[in-house]
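Visitor: please find the sequence and the predicted model below.
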Amino acid sequence: SFWQETFEVAVLSKAIGESCAVNPNDAFTAGMLHNIGDLMIYTVMADKVPEIFEKMEAGSSKVSAQRSTINTDSAVLGAKLAESWSFSKELVFAISEQYEPKVDNIYSPLAATVRLANAINREWDKLETRDAKKVWLSEQIEVDILFVNENVIEHIDEVRGSGVEMARLVV
């Protein structure tokens, strides 16, 4: 499921980039790397993972469960790792901001793209009609920030699930 989510968010990030002024290749890369902090937790702190999942199953958000268990979250860890690997500041920021904006008055189109792709990955399948998708998108601040065009709905519908299929081929 980790790799399926990774590839799906990458594909969705690229689709969003193609529907606004964000470089689609940069968006795909940010989507592929957005959860390297989770991978770090799974490998370096594997003994803490069951406790994190228990808290999530009890109703905590992923971020809250991580913070209460390991005193940080995967976005912070992923950004630190990306920074140590000398990734661009924009990519580091996109990883750090994937769950919620943390820095006042600083805007990153790439971070907004990854946040929107994550939200679409979680919510899109619950939206049964084009109108429901249009209303839901209108409620996402990232859509306004990025000036995403309305054709994004069809584009997302076209690519939705292809990241999961890519992951199945790779893993």
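Guide: The structure has been received and is ready for your questions. Numbering: from 1, shown residues only.
Visitor: and N25, how far from F93?
Guide: Separation of N25 from F93 (C-beta to C-beta, to the nearest Å) stands at 17 Å. C-beta coordinates here come from the backbone N, C-alpha and C atoms, glycine included.
Visitor: tell me which of those two has more neighbours.
Guide: The residue with more neighbours, out of N25 and F93, is F93; 23 against 10, by other C-beta atoms under 10 Å.
Visitor: close enough to count as contact, the more buried one and A82?
Guide: No - F93 is beyond contact range of A82, at 9.3 Å (criterion: C-beta atoms under 8 Å).
Visitor: the most centrally placed residue in the chain: which element?
Guide: Taking C-alpha atoms, centre = their mean, the centroid of the chain lies closest to N118, which sits 3.7 Å from it. Using DSSP states H and E, N118 maps to helix 109-123.
Visitor: mean confidence for that helix?
Guide: Averaging pLDDT along helix 109-123 yields 94.
Visitor: list the contacts for the residue nearest to the centre of the chain?
Guide: 9, 34, 98-99 (C-beta atoms under 8 Å, 6 or more residues apart in numbering).
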